[in-house]
Every structure is written in structure tokens, then in C-alpha cells.
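In: Let's see this in three dimensions:
(one chain, ligands or ions: 1)
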Amino acid sequence: MPERIALIGAGVIGKRHLKAMAKVESVELVAIADPLSGAAEIATEHGVPHYPGANEMLGEVAPSGVIIATPTEHHFQPALASLDAGCHLLIEKPIAATVAEAEEIARVSEARGLCVLVGHHRRYYPQVAKAREIVRGGSLGQLVTVSGQWSVRKPESYYTPDWRRRSPAGPVLTNLIHEIDYLRHVVGEIRSVTGLTGNSVQGFEKEDAAAFAFQFENGSLGAFVMSDQADSPWAWEMATGENPAFPRNGQNCITFSGTRGALEFPNLRHWTSDGEPASWITPKAARDISLELGDAFVRQIKHFAEVVAGRANPVISAADATGTLGVTLAVLESARCGNRIDICGPERIN
Ligand SMILES: NC(=O)c1ccc[n+]([C@@H]2O[C@H](COP(=O)([O-])OP(=O)(O)OC[C@H]3O[C@@H](n4cnc5c(N)ncnc54)[C@H](O)[C@@H]3O)[C@@H](O)[C@H]2O)c1
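Out: From the prediction side, this is the model:
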């Protein structure tokens with residue numbers, strides 16, 4: 001029997017989950033909850049009942065799993081209501097708006113014996129798994145540095161809604177959180193962060209550029225720059241073409257460098273001294289590692305079905321995602337207070 005799954009929040013990413021669910025036999029969509037009138041039409045298209053509110057839906061439909069795809073500041077209430085109703089959760093990233101909310105979601109789910117999977121979907125790409133294998137497996141020797149960039153120019157129309165000009169909708173919390181999540185997954189826990197933000201292009205409350213330096217627990221150091229107003233080819237979306245809305249360019253935007261080689265990411269290019277002693281005078285050879293991208297959202301839904309069925313533990317748990325949220329918020333906090341922030345939460349990534 002397929003797992004009975006309800007969707008709360010049928011906006012941009014909620015519709016992406018619906019598309020993925022339609023391709024996965026081990027789940028069955030049973031209801032959609034969203035106050036927008038357009039959501040009723042979406043529910044009709046999918047042949048399921050529509051509810052304006054999550055509580056009403058949870059009481060009547062009793063799903064086994066719920067996908068929460070509401071705006072980030074509205075994750076907390078439907079998450080707790082769904083846990084109260086005995087449902088396992090797939091919550092979109094960031095897990096919540098604050099670390100305190102995220103910790104409460106983790107606490108309640110544990111107390112009730114329910115699972116929380118967080119939608120850091122990039123971890124389902126084989127390129128991320130391969131990078132983790134290369135970096136953690138020692139193929140680069142001892143990892144020394146990580147550099148990265150995510151620089152795009154979002155169109156003027158994107159900022160028409162006022163909320164998109166405010167800090168919680170800035171590119172650090174909206175976009176950089178993806179990069180921080182896979183960096184933690186590939187390299188390991190981040191121990192400290194020093195950040196800078198600027199808004200010299202648009203002058204909105206939210207940042208339009210950010211730079212940060214970070215130290216991993218394994219001793220390697222990193223530097224990252226990002227902007228939602230810089231028209232560059234260096235960003236994950238264009239590198240991979242995961243979303244057809246962004247034309248793929250095949251560029252790489254992250255580098256991992258170790259004592260015995262380097263890796264460009266996400267279109268994996270592995271540089272070594274080709275069997276010679278590693279040195280700056282040794283010619284470097286590059287090997288391209290070609291892997292199919294596939295559909296991470298389909299893989300995520302398949303995994304969620306296994307979690308709901310009790311056959312798998314979430315690959316991105318609430319505690320893990322709270323770690324990613326904590327580091328991301330630390331970038332903003334460091335920029336605000338002008339100090340390095342040491343990350344000392346209980347969250348650890350394995
Ligand atoms: N994984 C990714 O790559 C990715 C991409 C985009 C967005 N997201 C995340 O997904 C979440 C939603 O983003 P979005 O771009 O889809 O937003 P959106 O505004 O397009 O959609 C949100 C929907 O939630 C509904 N909603 C609001 N409050 C609700 C409530 N209390 N109960 C039920 N429905 C409610 C809204 O009516 C709207 O239809 C955010 O947390 C965002 O960070 C993740």
C-alpha cells in the first residue's frame with residue numbers, strides 16, 4: 001500500500017513536490033491544505049480534497065506523512081500540528097525561521113517517536129555523494145582550503161513583493177543555506193564563521209552581497225562570496241541545470257583543495273599531479289567525472305516514503321538541518337555584530 005501523504009502549502013516548491021509524487025508509486029497524495037483559492041483548483045486537478053487550513057485537514061484526513069512547503073516563517077505551527085496528529089514530516093528548507101523553533105520541532109518529534117526529514121534536496125544528487133567520497137576518502141590528501149561562489153542577478157520583478165526586500169528573504173537565508181548544507185555534508189562540521197554583508201546595489205533591508213570565511217572542524221579553511229545582483233555564470237543552478245528555468249553552462253563554482261589534489265564542483269573535475277610528487281612545479285592533470293544528475297525531488301519523495309514506512313531513518317534529520325540553519329544565521333549575525341561567531345550547538349553532521 002502506498003503511504004498516505006498530504007501537502008501543506010501548494011506554492012512554487014509545493015507544486016514541485018506534487019510533480020515528484022506523481023512519479024513515485026510508493027506514495028499517494030491524499031489532501032492539499034493552503035488558504036489560497038488557487039489551491040482548490042490544484043487539489044481538484046489531483047483528485048484530492050482541498051482544505052484552507054492545516055488543522056482541519058489533519059483532523060479529517062489523518063495522513064501518515066505531511067509535506068510542509070509553506071513560507072519559512074510558517075513552518076513551525078503546521079509542523080507541530082502535524083506531529084500532534086501523529087504524522088511524519090518532510091519540511092522544506094530552512095527547517096524553521098529560528099534555531100529555537102527548529103530545536104522544538106526536533107524535540108517534539110523525538111518525544112512522539114515520529115521522523116522529520118528536511119528538504120535539503122541537493123544531497124540526493126550523485127555529484128554531492130561523489131564529492132563527499134573524494135574529499136572525505138582522502139583522494140585529495142589532507143583537505144586545506146575550500147572556495148566557493150554563488151552569484152546571480154535576480155530580475156527586478158522578483159522584488160515587487162515588499163517581503164522579498166526584507167532580511168528574512170535575502171539571498172543568505174534563501175540561497176546560501178543550500179551551499180552551507182552541502183559543504184557541511186561534503187567536508188564536515190563548520191566550527192566558526194566570519195561574515196560581511198552589503199546592500200550597495202539595491203539599498204534594500206536585505207543584503208545584495210555577502211562574503212564569509214569559515215573554519216571546518218577538520219582544520220580546513222574556506223571562503224565564499226555570493227550575490228543576488230551579480231550577473232555571473234558561477235552558481236549551482238547554472239552549473240548543473242537542475243531547474244530548466246536556469247540554462248545550464250557547465251561551469252564549476254566550488255573548489256576543494258588538498259595536499260594531494262583538488263576538485264572542482266559540482267561538475268566534478270579532479271586535478272592531481274598525475275602520479276608525480278605533489279608540488280607547484282609538477283604539471284597538473286584533470287580527470288572529468290561524469291554522472292547523471294537525475295531528479296533529486298523524486299529521490300527525496302522515494303526516501304520519504306521509506307521513512308514513513310519505518311524502513312529508513314531520515315538522511316537529513318531535524319538536528320542535522322538545525323546545524324545548517326545555525327551556520328547560515330551565524331553569517332548574518334557575524335556581519336551584524338562585526339565578530340567571528342563560534343558554532344557551538346549540539347548539532348553534528350556525520
Ligand atoms: N528546496 C528548494 O530548492 C526550495 C525552493 C524554493 C522554496 N523552498 C522553500 O519552500 C518554502 C516555500 O517556498 P515557496 O517559494 O514555495 O513559497 P510560495 O509563497 O510560492 O508558496 C507558499 C504557499 O504556502 C501557502 N501558505 C502560507 N501559509 C500557509 C499555512 N499556514 N497553511 C497552509 N498553506 C500556507 C501560501 O498560500 C502559498 O501557496 C520555503 O520554506 C522555501 O525556503 C525550497
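In: Contact residues of the stretch 51-200 of the chain facing the ligand?
Out: Neighbours of the ligand within the stretch 51-200 of the chain, by C-beta under 6 Å from any ligand atom: 54, 69-72, 74, 78, 92-93, 119, 121. Where C-beta positions appear, they are placed from N, C-alpha and C, glycine not excepted.
In: And those, which of them are buried?
Out: Neighbour counting by 16 or more other C-beta atoms under 10 Å classes 54, 69-70, 72, 78, 92-93, 119, 121 among these as buried.
In: Identify the residue with the minimum pLDDT among the residues you listed.
Out: The member of these with the lowest pLDDT is T72, at 91.
In: Do I have it right that that residue meets I177?
Out: No. Counting by C-beta atoms under 8 Å, T72 stays clear of I177, with 9.7 Å between them.
In: Which neighbours do the two have in common?
Out: Shared contacts of T72 and I177 (C-beta atoms under 8 Å, 6 or more residues apart in numbering): P94.
In: With respect to G113, which of the buried ones among the residues of the stretch 51-200 of the chain next to the ligand is nearest?
Out: P78 (19.4 Å; C-beta to C-beta).
In: Look at that closest one and give its secondary structure.
Out: When classified by DSSP: H, G, I helix; E, B strand; the rest coil, P78 comes out as helix.
In: for it, what are its contacts?
Out: Going by C-beta under 8 Å, 6+ apart, P78 touches 8-9, 33, 54, 66, 68, 70.
In: what's the spacing between it and I67?
Out: Distance of P78 to I67, computed by C-beta to C-beta, to the nearest Å: 10 Å.
In: what residues do those two have in common as contacts?
Out: Shared contacts of P78 and I67 (C-beta under 8 Å, 6+ apart): 8-9.
In: so where do the strands sit in the stretch 201-350 of the chain?
Out: In the stretch 201-350 of the chain, the strands defined using DSSP state E, counting those that start in this stretch lie at 209-216, 221-227, 254-258, 261-265, 269-272, 285-288, 341-342.
In: can you put these in a markdown table and add distance to I190, mean pLDDT and mean neighbour count?
Out: Listed next are those as a markdown table, based on distance: least, C-beta to C-beta, whole Å; pLDDT from 0 to 100; neighbours: other C-beta atoms under 10 Å:
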| stretch | distance to I190 | mean pLDDT | mean neighbour count |
| --- | --- | --- | --- |
| strand 209-216 | 5 | 98 | 20 |
| strand 221-227 | 8 | 98 | 20 |
| strand 254-258 | 14 | 98 | 21 |
| strand 261-265 | 17 | 98 | 22 |
| strand 269-272 | 24 | 98 | 17 |
| strand 285-288 | 28 | 97 | 11 |
| strand 341-342 | 10 | 96 | 16 |
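In: starting at the chain centroid, how far to stretch 28-43?
Out: 24 Å (C-alpha atoms, centre = their mean, to the nearest Å).
In: just stretch 270-281 next, same as before
Out: Relative to the centre of its chain, stretch 270-281 is centred 34 Å away, using C-alpha atoms, centre = their mean.
In: in it, what counts as buried?
Out: Neighbour counts using 16+ other C-beta under 10 Å place 270-273 of stretch 270-281 among the buried residues.
In: With distance to A312 added, can I get those in JSON lines?
Out: Shown next, in JSON lines, are the buried residues of stretch 270-281 (distance: C-beta to C-beta, whole Å):
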{"residue": "H270", "distance to A312": "30"}
{"residue": "W271", "distance to A312": "36"}
{"residue": "T272", "distance to A312": "36"}
{"residue": "S273", "distance to A312": "41"}
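In: what's the closest of these to the ligand?
Out: Comparing the buried residues of stretch 270-281 against the ligand with C-beta to the nearest ligand atom places H270 closest, at 26.9 Å.
In: picking that back up, out of the strands of the stretch 201-350 of the chain, flag the one nearest Q127.
Out: strand 261-265 (7.1 Å).
In: which helices and strands sit right next to the closest one?
Out: helix 126-136, strand 254-258, strand 269-272 (3 or more C-beta pairs under 8 Å, 6 or more residues apart in numbering; DSSP states H and E).
In: With just CA atoms, put the second one into CSV.
Out: The C-alpha trace of strand 254-258 is given here as CSV (Å, rounded to 0.1, in the frame of the first residue of the first chain):
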residue,chain,number,x,y,z
ILE,A,254,33.3,25.5,-5.8
THR,A,255,36.8,24.2,-5.4
PHE,A,256,38.2,21.8,-2.7
SER,A,257,42.0,21.8,-2.5
GLY,A,258,44.1,19.3,-0.5
